[in-house]
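>>> what follows is a predicted protein model with its sequence.
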Amino acid sequence: MTNGSNLLSSLEFSNMYKLIIISFLITFSGLSIISQTYSITYKYDFSLIKYIKRKLIQGIISSLITFILYNLNIFNVAKSVFSIDVIVPKAINLNIIIFIQITFLGLPFIIKKLLHRIS
């Protein structure tokens, strides 16, 4: 993960795309971690396919959160003298953060109800 994130950060993409991809990769955790999880849980009634699907969903949600936070301009990405990206926290309203947290905490329940109605 660290090497892949480092390689992605050196590419000539915009910072938003870099952050979204890195957020997905870190949340998904990679095939090595999934294999390690399976090596411990193979004895139990544990569906590896469901686990991988849920890790993909977790990665997508993490990427969406990163996209939203980036577009809310919570962090101001500035260039320093040596052209190194520096993330400078911006003064934000605490109510925005609380609203975002409550929204994302309630999101799984909303998705579950929607999926239950569909099936």
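Looks like it arrived, so ask away. No experiment lies behind these values; they were computed from the predicted model shown. Numbering: from 1, shown residues only.
>>> list the contacts for the spatially most central residue of the chain?
Nearest to the mean C-alpha position of the chain, counting by Cα atoms, centre = their mean, stands residue 62 at 2.4 Å. Contacts for residue 62 (Cβ atoms under 8 Å, 6 or more residues apart in numbering) come out as 23-24, 26-27. Glycine gets a C-beta too; all of them are placed from N, C-alpha and C.
>>> list only buried entries from these.
Listed as buried from these are 23-24, 27; burial here means 16 or more other Cβ atoms under 10 Å.
>>> list the buried residues in the helix or strand containing the residue nearest to the centre of the chain.
Assigned by DSSP states H and E, residue 62 falls within helix 48-71. Residues 55, 59, 61-63, 65-66, 69-70 are the ones in helix 48-71 that count as buried (16+ other Cβ under 10 Å).
>>> can you check stretch 99-117 too?
Neighbour counts over stretch 99-117 (16+ other Cβ under 10 Å) mark no residue as buried.
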